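Trainee: need a 3D model of the following:
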Amino acid sequence: MENKYEFRKRFDKHFNELKWLYCELYNNDMQKFNDLCKMIEQYYDNRKESLKDLDRKREQNPEWYHSNDIVGMMLYVDNFAGNLKGVAKKIDYINECGVNYIHLMPLLETPKGHSDGGYAVADFRKVQPELGTMDDLRDLTELCHQNHISCCLDFVMNHTSDEHAWAKAARNGDEEARSRYFFYHDWDIPNEYEKTVPQVFPTTAPGNFTKLHDGSIVMTTFYPYQWDLNYANPIVFNDMTENMLYLANAGIDVIRLDAVPYIWKQLGTPCRNLPQVHAIVRMMRMIGEIVCPSVLLLGEVVMEPSKVVPYFGTVDKPECNMLYNVTTMASTWNTVATRDVRLLERQMKQLSELPKDYVFLNYLRCHDDIGWGLDYDWLHTQGMEQVPHKKFLNDYFIGKFEGSTSRGELYNDDPVLQDARLCGTTASLCGIEAALWDNDDKALKFAVNADIMLHAYMFTQSGIPVIYSGDEVGQLNDYMYHADIHKKFDSRYLHRGKFDWKLAEQRKDTLTYQGKIFKALRKLETIRANNDVFKASAEFRPAATGSKNVLGIYRKYGDQELLALFNFCEEYRRIDVYRNYTDLITGEYKTNKAIELEPYGFIWALLK
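Mentor: Here you go, the predicted structure:
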């Protein structure tokens, strides 16, 4: 009885808005709305009591994820430990890394050869067989919760694989199944879409539609084997929301909404960021707060800040709990190449002006490529034009530019548009790979310093820092993908290599570069967790340094003030400081002296 009261209280809180949004979007289809409400209650009833206890605990502390002691790690299950049971056996290592949030990269069933790294889902309720079973996933999330670790999983909501049961039925002429996608008998309507809808991958998937063997034409925004779902059909919304709740009830704490800006299609528009998208995300947020309020929505919005921020919603009508800080990631690597912090400083200023309750996930590298979505309007004022600047960046990071020690590869290189994106691990892009190859101790020291400095900078930003698995031990590019017929055409596998557990043993030896990086990151994580000045609610702004090579960040929380300085060049830089301070890394107290930063050095100075 108490639990039903709990459910009714949550349901009644959101009922009117949920009904209004649903009926507005779906033409007052009360039958489908009632089906949705029944399904919501069913998933609440079926939720494990241990998860309901977690719901109640987090309801009492709704800003639990704003804490400064959360550190994330992204990992592919197979690369990290073979399968889900293998990940469970490595829980001690995850704890050793100081990680309490793991993002399990796509692990649901996908077809061989057409998986897009797991983003072409054939079954939302089945784990890829070689990775385990749904029971294995439930066991892992339960073990993680026992170790105070939250789990994130991708929810690929824009499309399904063409091998999904719905797609198979649609291919066989099932009209109900076809209504879940965008099917056409001729090119008239698709051609109208093509007039306003930009292509995501023009070199690998020209056009936004694919012609099937029977002559039918289906919308495929990303790849021909990924069929876009039609969210104008309420059955699609109901069934996909049910799939989301199924994963939540498997113990997932954070649902990553993949490619969320694309989910609503409308003729005469770019089919990006349409108002209906926000209505759908808002409904999903409310449904989550009814069934599983401990579960967060993480939006993947790979666009400029003006397009990203609206996905937080408003104070009264929130949408995503967290968003990726994509633009800052790209601007960071731009700074590595140019040694000029001014663009990054501008980015920090924009972020500092946002509400403090906006939580971003900050990262240096992830499973994906680096797209150069920079502020080219501002760069133009500094004498840099988009096409030649992108070429410089790509040349620099593939080691083609004179003096560069970076080692990466291009992704989706388009010689016509002179555009490409970049792949590579943090360590290889920082120069560790080249320094080892050349047996150059000085270059290796600079590269390791750069790697650690970039992580320190990431930890200084407000939000949740997320390490890409392997970065904690400086894992290098994996060129073996070139020999794999299923991977060799996708250079993103360059940084998706198997975790080298033998090499990771070097983390225990601080004379190795792996040991230096691992020890440094653990120290940074510990300092961050023990100082309130790193809380998300702290005051945060860029600080002038007088050097275009040195980024300054000022943070303040209560009586604590922090000045963080990051040297993005291979020369010493001297920065005047007119306050006494304690170096949080060394513990040394300094009296009103200038700070001398070594090449690619940094400092966390707690001001007195």
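Trainee: what about the helices in the stretch 251-400 of the chain?
Mentor: Applying DSSP state H, counting those that start in this stretch to the stretch 251-400 of the chain gives helices spanning 275-291, 305-308, 326-338, 342-352, 376-381, 386-397.
Trainee: could you redo those helices as a markdown table and give each row mean pLDDT and distance to residue 258?
Mentor: C-beta coordinates here come from the backbone N, C-alpha and C atoms, glycine included. Rendered in a markdown table, the data for the helices of the stretch 251-400 of the chain read as follows (pLDDT from 0 to 100; distance: least, C-beta to C-beta, whole Å):
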| stretch | mean pLDDT | distance to residue 258 |
| --- | --- | --- |
| helix 275-291 | 98 | 12 |
| helix 305-308 | 77 | 15 |
| helix 326-338 | 96 | 13 |
| helix 342-352 | 94 | 23 |
| helix 376-381 | 94 | 26 |
| helix 386-397 | 96 | 25 |
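Trainee: residue 455 is nearest to which of the ones you listed?
Mentor: helix 326-338 (10.9 Å; C-beta to C-beta).
Trainee: list phi and psi for the nearest residue to residue 73 once chain neighbours are set aside.
Mentor: Setting aside the residues directly before and after it, residue 73 is nearest to residue 99 in space (C-beta to C-beta, 6 or more residues apart in numbering), at 4.4 Å. Note on residue 99: backbone dihedrals following degrees, to the nearest 10 are phi -90, psi 130.
Trainee: so what's residue 99 up against?
Mentor: Listed by C-beta atoms under 8 Å, 6 or more residues apart in numbering, the contact set of residue 99 reads 71-73, 149, 467.
Trainee: do residue 390 as well
Mentor: Contacts of residue 390 (C-beta under 8 Å, 6+ apart): 372, 418-420.
Trainee: rerun at 7 Å
Mentor: Under the criterion of C-beta atoms under 7 Å, 6 or more residues apart in numbering, the neighbours of residue 390 are 372, 419.
Trainee: now do it against residue 376, distance only.
Mentor: Applying C-beta to C-beta, to the nearest Å, the value for residue 390 to residue 376 is 9 Å.
Trainee: kindly report the same for residue 578.
Mentor: Where residue 376 is concerned, residue 578 sits at a distance of 36 Å (C-beta to C-beta).
Trainee: those two: which is more packed in?
Mentor: Ranked by neighbour count (other C-beta atoms under 10 Å), residue 578 and residue 376 place residue 376 first, with 15 against 8.
Trainee: would you check that the more buried one makes contact with residue 388?
Mentor: No. Taking C-beta atoms under 7 Å as the definition, residue 376 is not a contact partner of residue 388, at 11.1 Å.
Trainee: which strands or helices does the helix or strand where residue 17 lies pack on?
Mentor: Element membership for residue 17, per DSSP states H and E: helix 2-25. Contacts defined by 3 or more C-beta pairs under 7 Å, 6 or more residues apart in numbering; DSSP states H and E place helix 2-25 against helix 30-45, helix 275-291.
Trainee: ok, and what's touching the longest one?
Mentor: Outside of helix 275-291, the residues that reach it under the criterion C-beta under 7 Å, 6+ apart are 10-11, 14, 17-18, 21-22, 25, 40, 43-44, 47, 231, 237, 241, 244-245, 248, 260-261, 263-264, 295, 297, 310-311, 313, 317-320.
Trainee: using PDB, list the CA coordinates for that helix.
Mentor: Output of helix 275-291 as PDB, limited to C-alpha atoms (Å, rounded to 0.1, in the frame of the first residue of the first chain):
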ATOM      1  CA  PRO A 275      10.400  21.600 -30.800                       C
ATOM      2  CA  GLN A 276       8.900  18.100 -30.800                       C
ATOM      3  CA  VAL A 277      12.200  16.600 -29.800                       C
ATOM      4  CA  HIS A 278      12.100  18.600 -26.500                       C
ATOM      5  CA  ALA A 279       8.600  17.500 -25.900                       C
ATOM      6  CA  ILE A 280       9.700  13.900 -26.200                       C
ATOM      7  CA  VAL A 281      12.700  14.300 -24.000                       C
ATOM      8  CA  ARG A 282      10.600  16.100 -21.400                       C
ATOM      9  CA  MET A 283       8.000  13.300 -21.400                       C
ATOM     10  CA  MET A 284      10.800  10.700 -21.000                       C
ATOM     11  CA  ARG A 285      12.200  12.700 -18.100                       C
ATOM     12  CA  MET A 286       8.800  12.800 -16.300                       C
ATOM     13  CA  ILE A 287       8.200   9.100 -16.900                       C
ATOM     14  CA  GLY A 288      11.700   8.300 -15.400                       C
ATOM     15  CA  GLU A 289      10.800  10.400 -12.400                       C
ATOM     16  CA  ILE A 290       7.700   8.400 -11.900                       C
ATOM     17  CA  VAL A 291       9.100   4.900 -12.400                       C
END
